[in-house]
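[1] Quick one: sequence plus predicted model below, questions after.
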Amino acid sequence: KVKMKSKGSTRKKVNHSRRWPLIMILCLILIISLIIINGLMKKQDDELIETIEQIISLPDFETVNSDGEAPFYEYSKTILSYGPRVPSEDEGYKKTKAFLLSKINTQNWHVELNTFKDRTPVGEKEFTNILATWKGSKVKEHAKTVILAAHYESKDMPGFLGACDSVVPVSMMIQLMEIMDKHPPTDELEYNIQMIFIDGEEAFQEWSRRDSLYGSRHLVDTHLTKQQLGSIDVFILLDLIGTSDTQFVNFHYNHQGYYRRLASYLPSFMSSTRPYRYHVDDDHRPFMEAGVPVLHLISVPFPKVWHRVSDNLQAISHERSLSFFKGFSSFFYDTFLIVRA
C-alpha cells in the first residue's frame, strides 16, 4: 500500500473575493427564473381552474331530478334492475345491450356492432362489442383517436349484478355522451372520440389469458386494423368504480402525462402519483400489447364487494361516484374536446 502525502501545505491560496460578483449574478438569474416559472405555473393553474369551473357548471354535471340523482345513477339503477348480464343467454344481458343502444344518439354517434363467437370453457358463446364514434363535430385530418371503454356484461356467478363491475362506469360513459350531444364542441377537434362498450371481460371459470377479455382480444386481434391501432392516442379504461372506497394508483404502464393531468382534477382519488409496479390484468392488456398507450382507471385495492353478491346498488356511493364523474368529465372535456388556439 502507498500512503498518500497531504497536499495541504502546498495548496495555492485562492482569492475568494473575485468569485462574489459571479455568484451574485448567478443567484439573481436563478431568482428571476423562479419568478418567471412561478408566474407561468400560476397562469396555467388559473386557466385550468377556470376551465374546470366552466365545465362543472354545465347543468348536466349537476343532479337533475327531484331525488337529487345524477343521470348515470339512474341508468345504473335501470341496468341493475335487469338482473345478471352473462353473455349471451341472460335476459338481463339482452336488455342491457338494448338499453345502451337506445341511449346512443345516432345523429351524433356512428354505431357499430362487433358481434362474434368464441369458444369458452362452458361452450361457444356469442359476444357483441358496441363501438360508438363521435360525428357531431368536424375532426382534423389525420387526427389521433381517444378511446373510452368499460365492459358491460357481468360475471357468471349466481345472483351477481356487478354494480361497480362495471355498471356504473358504463352508465357514466352514457351520460358523458349525452353531455357531448347537448354541448357539442364547435371547433374542429384534434381527436377522434370513440366509446367502446366491451363484452366478455369476465372469465367463465378461472381467469386466464384464454378465459377472459374475449371482447378486447377480438377487437385487437381481428376487428381493428394495424393502422387503426396505430392511430390511437390513448385507450382509457374504467373499471370497479362507484363504491365509497374507490381510489386509483398510477400503474407503471399508464400514460404518465395523462395520469398526472387527471390527478390534478381528482386529487382525492389518487393514492399516489408515483408509478405502481404491479399489473392488474384487464381489457387494456390486448391494446397495450399491441403498442397502444393506456390509462387504466381501476380501483386499487379492489372494492370490498368485488365479485360478491353484495356488489349491487346499495354498494354504490352516489356522492363519491358523482365526485369522480365531475372530475373525470372535466378532464376529458378539457384534454380532448377543447381546441387550443
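    Yep, that arrived. Remember, it's a predicted structure, so these values are computed and weren't measured experimentally.

[2] In which helix or strand does residue 288 reside?
    In this structure, residue 288 is located in helix 284-289 according to DSSP states H and E.

[3] Find out how far that helix is from the centre of the chain, if you would.
    With CA atoms, centre = their mean, to the nearest Å as the basis, helix 284-289 stands 14 Å off its chain's centre.

[4] Ok, stretch 119-132 next?
    For stretch 119-132, the distance to the chain centre is 24 Å (CA atoms, centre = their mean).

[5] ditto for stretch 213-231
    Taking CA atoms, centre = their mean, the mean C-alpha location of stretch 213-231 is offset from the chain mean by 18 Å.

[6] What count of nearby residues applies to residue 206?
    By other CB atoms under 10 Å, the residues close to residue 206 number 8. From N, CA and C alone the C-beta is placed, and that goes for glycine too.

[7] repeat for residue 159
    Residue 159, neighbours per other CB under 10 Å, totals 10.

[8] quick one on the thing from earlier: what are the contacting residues of the helix holding residue 288?
    By CB atoms under 8 Å, 6 or more residues apart in numbering, the residues outside helix 284-289 that reach it are 147, 213, 216-217, 219-221, 229, 232, 235, 237, 253, 294, 296.

[9] TSV for those, including secondary structure?
    Formatted as TSV, the contacts of helix 284-289 follow (DSSP: H, G, I helix; E, B strand; the rest coil):
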residue	secondary structure
147	strand
213	coil
216	helix
217	helix
219	helix
220	helix
221	helix
229	helix
232	strand
235	strand
237	strand
253	coil
294	strand
296	strand
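
[10] Could you report the neighbour count for the residue lying closest to residue 186 once chain neighbours are set aside?
    In space, and not counting its chain neighbours, residue 186 is closest to residue 137: 7.2 Å by CB to CB, 6 or more residues apart in numbering. By the measure other CB under 10 Å, the count of residues near residue 137 is 16.

[11] before we move on, what about residue 321?
    24.

[12] Quick one: residues contacting the residue lying closest to it once chain neighbours are set aside.
    Sequence neighbours aside, residue 242 is the residue nearest to residue 321 in space, at 4.8 Å (criterion: CB to CB, 6+ apart). Applying CB under 8 Å, 6+ apart to residue 242 gives the contacts 76, 163, 164, 167, 168, 169, 315, 316, 317, 320, 321.

[13] Now with 10 Å, please.
    Each residue near residue 242 by CB atoms under 10 Å, 6 or more residues apart in numbering is listed here: 72-73, 76, 163-169, 171-172, 299, 303, 305, 311, 313, 315-318, 320-321, 324-325.

[14] So it versus residue 330, what's the distance?
    Per CB to CB, to the nearest Å, residue 242 is found 18 Å from residue 330.

[15] what does residue 199 give?
    29 Å.

[16] cool, and residue 282?
    24 Å.

[17] cool, residue 173 as well?
    Applying CB to CB, the value for residue 173 to residue 330 is 15 Å.

[18] Can you pull the phi/psi pair for residue 181?
    phi -60, psi -40 (degrees, to the nearest 10).

[19] and if you look at residue 248?
    Note on residue 248: backbone dihedrals following degrees, to the nearest 10 are phi -130, psi 160.

[20] Also the one 10 residues further on?
    Listed backbone geometry of residue 258 is phi -70, psi -40, with angles given as degrees, to the nearest 10.

[21] Check the one 3 residues further on too.
    With angles defined as degrees, to the nearest 10, residue 261 shows backbone torsions of phi -70, psi -40.

[22] Now do the same contact list for it.
    By CB under 10 Å, 6+ apart, the contact list for residue 261 reads 48, 255, 295, 331, 334, 335.

[23] Now do it, the pLDDT please.
    pLDDT for residue 261: 96.

[24] How much space separates the spatially most central residue of the chain from residue 94?
    Nearest to the mean C-alpha position of the chain, by CA atoms, centre = their mean, lies residue 236 at 3.9 Å. In this view, residue 236 and residue 94 are 27 Å apart by CB to CB.

[25] Same check on residue 141?
    Taking CB to CB, one finds residue 141 at 39 Å from residue 94.

[26] What is the least confident helix or strand in this protein?
    Lowest by mean pLDDT, DSSP states H and E among the helices and strands of the chain is helix 20-56, with a mean of 57.
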